[in-house]
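> Got a sequence here, can you model it:
(chains A and B)
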There are 2 protein chains.
Amino acid sequence: MSDELKKGLEGVLVAESELSNIDGDAGRLIYRGYAIEDLAREASYEEVVYLLWHGHLPDAEELDSFRSKMVPERAVDEDVLSTVRTLANAEEKPMAALRTSVSMLSAHDPDSDADPTNREAGLRKGRRITAKIPTIIAAYNRIRNGQEPLEPRDDLGHAANFLYMLNGEEPDEVLAETFDMALVLHADHGLNASTFSTMVTASTLSDLHSAITSAIGTLKGPLHGGANQDVMEMLQTIDQSESDPIEWVENALEEGRRISGFGHRVYNVKDPRAKILGERSKALGEAAGDLKWYEYSTKIEEYLAEDKGLAPNVDFYSASTYYQMGIPIDLYTPIFAMSRAGGWIAHAIEQYDDNRLIRPRGRYVGPEDQEFVPLDDR
Amino acid sequence: MSDELKKGLEGVLVAESELSNIDGDAGRLIYRGYAIEDLAREASYEEVVYLLWHGHLPDAEELDSFRSKMVPERAVDEDVLSTVRTLANAEEKPMAALRTSVSMLSAHDPDSDADPTNREAGLRKGRRITAKIPTIIAAYNRIRNGQEPLEPRDDLGHAANFLYMLNGEEPDEVLAETFDMALVLHADHGLNASTFSTMVTASTLSDLHSAITSAIGTLKGPLHGGANQDVMEMLQTIDQSESDPIEWVENALEEGRRISGFGHRVYNVKDPRAKILGERSKALGEAAGDLKWYEYSTKIEEYLAEDKGLAPNVDFYSASTYYQMGIPIDLYTPIFAMSRAGGWIAHAIEQYDDNRLIRPRGRYVGPEDQEFVPLDDR
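Just a heads-up that it's a prediction; the model follows:
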């Protein structure tokens, strides 16, 4: 037992995991040994979720079977849809609406009473949660825009079906592939705060819905999932100011403001996910004949790299990528949750498989031996 | 940076806190320096919540002001009540229903967009959450029993109003005092798993509703909040078996089963809260002219203390106390949440006041350098 205070738990080793590893010096991220570059470019989100949950990449038959179990789970129960409607009409914020709606999914999950250490039941619940999150996000967005939610399309993959439910039209191949790639890139990332939150909740042997609800609430914070939205709002502010991006950033730094999308507790070099998304952001700009957002981003990146030694993280290029795909800015964090659900569920399964209650110590620094005085004599 | 794995974070010091301290060898628990025995016997739950949030016991004027701000917040919005109705009718489990309903409170909280580090807004949100949880639990229970929810009674204290909303009649003084005492005893307890979960979520600067929703989901697990319900179910099983409690426990131990309500990671002697609740359990039995549940409990306690060196924890006597008060067994954990909300909110405020993102490390033990094979070649 050490008396050293570890307020952020930096460097404290809390788990062994077979899921993902970050080499912060080399700028390398792997999921179960596979380089993120290969997975992003060549595997679908469904393949990557299968890899995380089952330990190997599926062959064609395994993938078919996995998809055929997951696709029919996309629709959400009428009770949940009705709550999504209530939340959207009450102008509840997107991440809060997602937190409440996912929490509510347990009411209609046929396995919600199963022992959480029952792995098969856990996988069924995991498939349902992963399949339903896109439906909830898309329904919420349509309702708040005065549109009716759309039924999921069984013939589309996870990424394309979400874009269809969001926009009401089937996405072209470039959009569907780019979005699928973004989902793969965000699916897991070691023990970040939301993943750790999943584990803390699971460690009391509480259920998977509780664990994922905790994760969504934790991701919601601006120090974690909120950063991609902040990046896009910064790029828009720069655009509206009509100033040079570098001058704008210089001014912001002089005023002591932090530039969103740069720096990471784990990476010392450029986040490999930012590299891949940067390419996609450029491709989308070229296809649209407008490289403005991509060029703002690269100018800021070059300036901060050369002058400040700062490297962009995943949020920096997901912002302009999502923006050019026409996704509403306040859905960037819900989309992060939609992707990371695959990783959260995988970590919950690891926790349940070899559980130990997570209960650290606090150091009491309050008063001792206070004499109680009854209310009448205070 | 140490390479020692701390799977349960045992002994790892993660925070300094002025809220509560447990001396596990002396069997002593204090809230801000005040002995739990004094607070349980002489202070109301509202006084204790004020103490935890504001740092000192309120005088009469401060308490009046605190109550007058909290009492009007007891009613829940029609949207939330409608979701509670849906959940109760769908037979959602009590803790899951509470998790979803509390998560939904943010949709109608006028401070839900406030910066979480804004202490005044945090206190307002904390008062609303604390005031509304009893209303949600009572409404849920009435609806599932085919009764209409009752409006909160402004003339009753936090404990008495809950019992009124639950049962439809004003509780007598003994019941109200006993329940108030139970709320005081459960209000805070160092860095238990649900409190830590509050802190992890708050540490991304996510909002208070997210932090409390995480805590409810974490408390839900049988290794944490679920134990008081397990104790009562054990006492009922013993009663139905018509065997001697000691023989039943001996058999259970021989079969390798754990006896709920005994042992605690922090206490090495009898939990001081169990002492106080044991007295109340006895008093309730005497008043009803039936000491059966109390006597089962003391027999088991004496046997396990003498033969096994095991001491009862708070759950062991809250079980028979709540049971003799006529509270449905599956509401014991929601009542724990109703009480602990005061502590969770106090810890969230401490976290926001001096925040650092909580992000531990994992050790990657999966494969390295896997060669990617495209789907068609697998």
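> A:Leu105 reaches A:Leu208, doesn't it?
No. Under the criterion of Cβ atoms under 8 Å, A:Leu105 is not in contact with A:Leu208, lying 9.9 Å apart. Glycine gets a C-beta too; all of them are placed from N, C-alpha and C.
> So which of the two has more stuff around it?
A:Leu208 (30 against 25; other Cβ atoms under 10 Å in any protein chain shown).
> Who are the contact partners of A:Asp315?
Contacts of A:Asp315 were listed using Cβ atoms under 8 Å, 6 or more residues apart in numbering or on different chains, and they are A:227-228, A:230-231, A:260-261.
> 6 Å - rerun?
A:227-228, A:231, A:261 (Cβ atoms under 6 Å, 6 or more residues apart in numbering or on different chains).
> mind listing what the nearest residue to A:Ala346 once chain neighbours are set aside touches?
Spatial nearest neighbour of A:Ala346, excluding adjacent residues (Cβ to Cβ, 6 or more residues apart in numbering or on different chains): A:Leu52 at 4.0 Å. Contact analysis of A:Leu52 by Cβ under 6 Å, 6+ apart lists A:19, A:342, A:346.
> of all the contacts of A:Asp315, which comes closest to chain B?
A:Ala227 (10.2 Å; Cβ to the nearest Cβ).
> burial of that closest one, as a residue count?
24.
> Please apply the same query to A:Gly366.
Neighbours of A:Gly366 using other Cβ under 10 Å come to 17.
> With adjacent residues omitted, what lies nearest to it?
A:Gly366's closest residue in space is B:Glu18 (Cβ to Cβ, 6+ apart), at 3.4 Å.
> near chain B, which residues of the stretch 101-250 of chain A show up?
Along the stretch 101-250 of chain A, the residues adjacent to chain B under the rule Cβ under 6 Å from any Cβ of the partner chain are A:103-104, A:106-107, A:190-191, A:193, A:197, A:200-201, A:204-206, A:210, A:213-214, A:217-218, A:220-224.
> again, only using 7 Å
A:103-104, A:106-108, A:190-193, A:196-197, A:200-201, A:203-207, A:209-211, A:213-214, A:217-218, A:220-224 (Cβ under 7 Å from any Cβ of the partner chain).
> is it true that A:Leu253 lies in a helix?
Yes. Counting by DSSP: H, G, I helix; E, B strand; the rest coil, A:Leu253 is found in a helix.
> ok, it - contacts?
By Cβ atoms under 7 Å, 6 or more residues apart in numbering or on different chains, the residues touching A:Leu253 are A:Ile259.
> What pLDDT is listed against it?
Looking at A:Leu253, its pLDDT is 92.
> ok, now which ones touch the residue positioned nearest the centre of chain A?
Nearest to the mean C-alpha position of chain A, counting by Cα atoms, centre = their mean, stands A:Phe336 at 2.8 Å. The contact partners of A:Phe336, by Cβ under 7 Å, 6+ apart, come to A:186, A:219, A:225, A:228.
> try 10 Å
With Cβ atoms under 10 Å, 6 or more residues apart in numbering or on different chains as the criterion, the residues that contact A:Phe336 are A:95, A:182-183, A:186, A:194, A:216, A:219-220, A:224-229, A:314-315, A:318, A:322.
> ok, now how distant is it from A:Thr218?
Using Cβ to Cβ, to the nearest Å, A:Phe336 is found at 12 Å from A:Thr218.
> Need the overlap of contacts for these two.
Common neighbours of A:Phe336 and A:Thr218 (Cβ under 10 Å, 6+ apart) are A:194, A:224-225.
> Run through the helices of the stretch 251-378 of chain A in chain order.
Using DSSP state H, counting those that start in this stretch, the helices of the stretch 251-378 of chain A run over A:272-288, A:292-308, A:314-324, A:332-353.
> could you check the angle helix A:292-308 makes with the third one?
If I follow you right, that is helix A:314-324. 160 degrees (axes from the mean of the first three to the mean of the last three Cα atoms, to 10 degrees).
> between A:Leu105 and A:Leu208, what contacts are shared?
What both A:Leu105 and A:Leu208 touch, as defined by Cβ under 10 Å, 6+ apart, is the set A:112, A:125, A:128-129.
> For these, could you give me a markdown table that also reports neighbour count and secondary structure?
Shown next, in a markdown table, are those (neighbours: other Cβ atoms under 10 Å in any protein chain shown; DSSP: H, G, I helix; E, B strand; the rest coil):
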| residue | neighbour count | secondary structure |
| --- | --- | --- |
| A:Ser112 | 18 | coil |
| A:Lys125 | 26 | helix |
| A:Arg128 | 25 | helix |
| A:Ile129 | 23 | helix |
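> And the strands in chain A?
Per DSSP state E, chain A carries strands over the ranges A:13-17, A:20-23, A:28-31, A:34-35, A:361-364.
> Need the winner for burial among these.
strand A:28-31 (a mean of 23; mean count of other Cβ atoms under 10 Å in any protein chain shown).
> Which neighbours in the sheet does it have, and how are they oriented?
Strand A:28-31 pairs in its sheet with strand A:20-23 (antiparallel), strand A:34-35 (antiparallel), by DSSP bridges.
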